[in-house]
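> Kindly generate the corresponding structure for this input.
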Amino acid sequence: MRKKRLPVILLAAIMPVFMLMHATVAASAQAPVSRAECVVEVSSRRLLSERNAQTPLPNASTTKILTAILIIDDCCLKDEVEIPAQAAGTEGSSIYLKAGEHYTVEELLYGLMLRSGNDAAVALALHHSGDIASFAQAMNVKAAMLGAEDSYFVNPHGLPDERHRTTARDLALIAAYAMENETFRTIVSTEYYAPRGWYNKNKMLASYEGANGVKTGFTTAAGRCLVTSAERNGMTLVSVVLNSPQMYERTAELLDEAFSQYTLTRLTDYAMFPAGVGVREDFVYPLKEEERSQVRTELLIQDPLPDKKGAIAGYVEIFLANNLIFSQNLYIMEER
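Presented below is the predicted three-dimensional model:
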């Protein structure tokens, strides 16, 4: 049987369609998964993975992580706030505050972090500092204290402003600090706040094993942004993706990879301390399996050793390859 051939005219019509499909697939394969991203282990602040992590970018409502922890650190949660006219009607996402209403600081924090209320951000900033410019200054001071060296904040909510920038690394450091605060953790891990009927917009809490925070964000300028905290096997990681079209999927990939590669390891067990000598706090650090052989310790021990419990007995340094990652005094742990 002879094979039929497609008419030339039909082939000419079909070819552009195939070419367009091929170009679309190729473009999709080459499309960046995010503009910037990183993963940090919370207790050590070790950067486990990164891409463009020190590039300053707009970050939308993930700004509210810094706003929230600044409020938690400086204000009383039970304080009552009368909503000022300046806060009511703030553009963008809102919890629909009205001038003259009364909320506690705690309630406004839930509205800020679960519903991403820009009006709650303004109300809290004014409660803290009296005006937005002064609160932004306090944000920048706090960020610098946390090692966020490439950031500059001009408002408490992240609405577009050319001057308002942070990096994936800086945002991870801010979030890691915040996640060490019990009040902050409780708020951002809450899926439903019954007193006000607020659901959390962060879908990672319900879709990713171990997820316990922290904040979504979106503006046209910033794109889709997501900061996520998750804990597995005693290790807590913070992932940041900025301008990531598939922010939930990309975050899950980053966290899965980090959890599979790293294990939180007690490195003070590697040091051979003399009898009765030790550290006051153990040191744990995320390591890949192949990095374990690269850990070395150096001890400087007093000779003779002091007798009194609590006296300084020397010094310990722990290195990963040639990088110093831990140093601490050694102490006499019991009377000699």
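
> Could you pull up the residues touching Tyr285?
Neighbouring residues of Tyr285 by Cβ atoms under 8 Å, 6 or more residues apart in numbering: 44, 46, 264-265, 267, 320, 325-326. (Each C-beta comes from the backbone N, C-alpha and C, glycine too.)

> what about it, distance to Glu335?
31 Å (Cβ to Cβ, to the nearest Å).

> what do you get for Leu48?
Leu48 is 42 Å from Glu335, by Cβ to Cβ.

> average pLDDT for stretch 302-317?
Mean per-residue pLDDT for stretch 302-317: 92.

> So what touches it?
Applying Cβ under 8 Å, 6+ apart, the external contacts of stretch 302-317 come out as 268, 271, 273-274, 276-277, 279, 297-301, 324, 326-336.

> Would you mark the buried spots in that stretch?
Residues of stretch 302-317 classed as buried under the neighbour-count rule (16 or more other Cβ atoms under 10 Å) are 305, 313-314, 316.

> Make sure Thr104 is actually in contact with Asp79.
Yes - contact status for Thr104 versus Asp79: in contact at 6.7 Å, counting by Cβ atoms under 8 Å.

> Of these two, give the one with the bigger neighbour count.
Ranked by neighbour count (other Cβ atoms under 10 Å), Thr104 and Asp79 place Thr104 first, with 15 against 12.

> if I pick the more buried one, what's in contact with it?
Contacts of Thr104 by Cβ under 8 Å, 6+ apart are 77-81.

> Buried ones from those residues, can you make that a PyMOL selection?
The command below creates a PyMOL selection of those among those that count as buried (16+ other Cβ under 10 Å):
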select buried, resi 81
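
> May I see the contacts of Thr104 organised as CSV, with distance to Ala125 and pLDDT added?
Converted to CSV, the contacts of Thr104 look like this (distance: Cβ to Cβ, whole Å; pLDDT from 0 to 100):
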residue, distance to Ala125, pLDDT
Leu77, 16, 98
Lys78, 19, 98
Asp79, 14, 98
Glu80, 16, 98
Val81, 11, 98
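
> buried residues in stretch 102-114?
Residues of stretch 102-114 classed as buried by neighbour count (16+ other Cβ under 10 Å): 103, 105-114.
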